[in-house]
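Need coordinates for the below:
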Amino acid sequence: MNITNAEYRARQHQLLAQMKHNSVALIPAAKEITRSRDTEFPFRQDSDFFYLTGFNEPDAMLVLVKGEEQKSILYCRAKDKTAEIWHGRRMGADAAKEQLPIDDAYTLAELDQGLIDAVNQKTTLYYGQGVYKDVDDQVFALLNTLRGAPKKGYRAPEVIRDIRTLVHEMRLFKSPAEQEIMRQAGKISADAHKRAMRFAKAGATEYQLEAELHHHYAMNGARYPAYGTIVGSGDNATILHYTENESPLKDGDLVLIDSGCELAGYAADITRTFPVNGRFNDAQKAVYEVVLKAQYAALDMVKPGNTLAQTAKVVNRILTQG
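This next block holds a predicted model:
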């Protein structure tokens, strides 16, 4: 199940409904990050921007305007035949207006003037600063321009509010479409863990188990893991964020895997520990059974009306007794 344009539109309208009258919101897309010279790390879109647009290109800006009328405006990279030969296709402003859940679309060359037009004379600006420095600089320069030219009819917003407070509250509540994607991500990830367990044996390496996981993710529509995969065997499992994944697996050791796929922007997160040779010794089994009992107790506590603190208290009691 995919998120439809209608659902993206509904999210924008829900956000606009919470914004003050005569206000504007700026939500930037993520930036490409250089890996080495002329290569980049795999692009991962900003979660808030993607939640509101479904648009997966870098450097874009979503502008939501609430005044006498409400509208959504997207600024994105222009079509460029030479750049697209080297770095891949771009949607462009014309196609964006036709295909995306927005009212208007323009190129990034029009962004500076577009921001002046959108923000001028507004009383409230919604923007989440501190994520992208170049965007912060652009927004601060915009405000200085509006503050410094009253004779041109410019006036900067009197109030700046963090848009993330509103968006993140919205993102807590998952629609049926979101829930289905999360179920798929969970199943793909669980099956990948089973695959890695079947592959594990003394003499294999941690990174080979990592490869089994990532292969299964990609072969089932989830191209990337949701975070750095952890495969820690023996003493390596005691390092909380161990990601070297380079040691050989030894007979008699346990191996911990912490990994989940990302599917359409939604992440799974699973941690499991199992014996390399397929059989727990008595001490390993005893510890495992304590943790398993605590997990089942936690699942029983997850119901309307209970709190995380109550759940933690039950789990900690079981672990302490164990």
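
can we go C-alpha only for contacts and neighbour counts from here?
Noted.

what mean pLDDT does the longest helix seen in the chain have?
Using DSSP state H, we find that the single longest helix of the chain is helix 176-199. The average pLDDT within helix 176-199 is 98.

ok, residues contacting the next helix or strand along the chain from that helix?
Following helix 176-199 in sequence order, the next helix or strand is helix 206-219 (DSSP states H and E). By CA atoms under 8 Å, 6 or more residues apart in numbering, the residues outside helix 206-219 that reach it are 188-189, 191-193, 195-196, 199-200, 223-225, 229-233, 245-249, 259, 261.

Can you tell me which of those residues are buried?
Listed as buried from the contacts of helix 206-219 are 188-189, 192-193, 195-196, 200, 223-225, 229-233, 245, 247-249, 259, 261; burial here means 16 or more other CA atoms under 10 Å.

helices or strands next to the helix or strand that contains V167 in the packing?
Assessed by DSSP H and E, V167 sits inside helix 163-171. The contact analysis (3 or more CA pairs under 8 Å, 6 or more residues apart in numbering; DSSP states H and E) places helix 163-171 against helix 5-18, helix 47-53, strand 124-127.

what's the angle between it and helix 176-199?
Counting by axes from the mean of the first three to the mean of the last three CA atoms, to 10 degrees, helix 163-171 lies at 80 degrees to helix 176-199.

looking only at pLDDT, what's the mean for helix 163-171?
Across helix 163-171, pLDDT averages out at 98.

In the chain, what residue spans correspond to strands?
Using DSSP state E, the strands of the chain run over residues 23-28, 34-36, 39-40, 61-66, 70-76, 104-107, 124-127, 159-161, 224-225, 230-233, 254-259, 261-263, 266-267, 270-275.

and of those strands, who's closest to L172?
L172 sits nearest to strand 266-267 of all the strands of the chain, at 12.3 Å, using CA to CA.

for this protein, what are the low-confidence residue spans?
Residue ranges of the chain with pLDDT under 70: 1.

Tell me which residue lies nearest the centroid of it.
S47 (4.4 Å; CA atoms, centre = their mean).

Quick one: residues contacting that residue.
G265.

mind redoing it with 10 Å?
By CA atoms under 10 Å, 6 or more residues apart in numbering, the residues touching S47 are 29-30, 54, 168, 171, 265-266.

any idea how far it is from K285?
Distance, S47 to K285, using CA to CA, to the nearest Å: 40 Å.

Tell me the buried residues in stretch 297-313?
Result for stretch 297-313 [16+ other CA under 10 Å]: buried residues 297-298, 301, 311.

Same list, the strands of the chain, but as JSON lines with distance to L142 please.
Below are these laid out as JSON lines (distance: least, CA to CA, whole Å):
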{"stretch": "strand 23-28", "distance to L142": "12"}
{"stretch": "strand 34-36", "distance to L142": "27"}
{"stretch": "strand 39-40", "distance to L142": "29"}
{"stretch": "strand 61-66", "distance to L142": "14"}
{"stretch": "strand 70-76", "distance to L142": "16"}
{"stretch": "strand 104-107", "distance to L142": "18"}
{"stretch": "strand 124-127", "distance to L142": "12"}
{"stretch": "strand 159-161", "distance to L142": "13"}
{"stretch": "strand 224-225", "distance to L142": "37"}
{"stretch": "strand 230-233", "distance to L142": "43"}
{"stretch": "strand 254-259", "distance to L142": "42"}
{"stretch": "strand 261-263", "distance to L142": "36"}
{"stretch": "strand 266-267", "distance to L142": "34"}
{"stretch": "strand 270-275", "distance to L142": "44"}
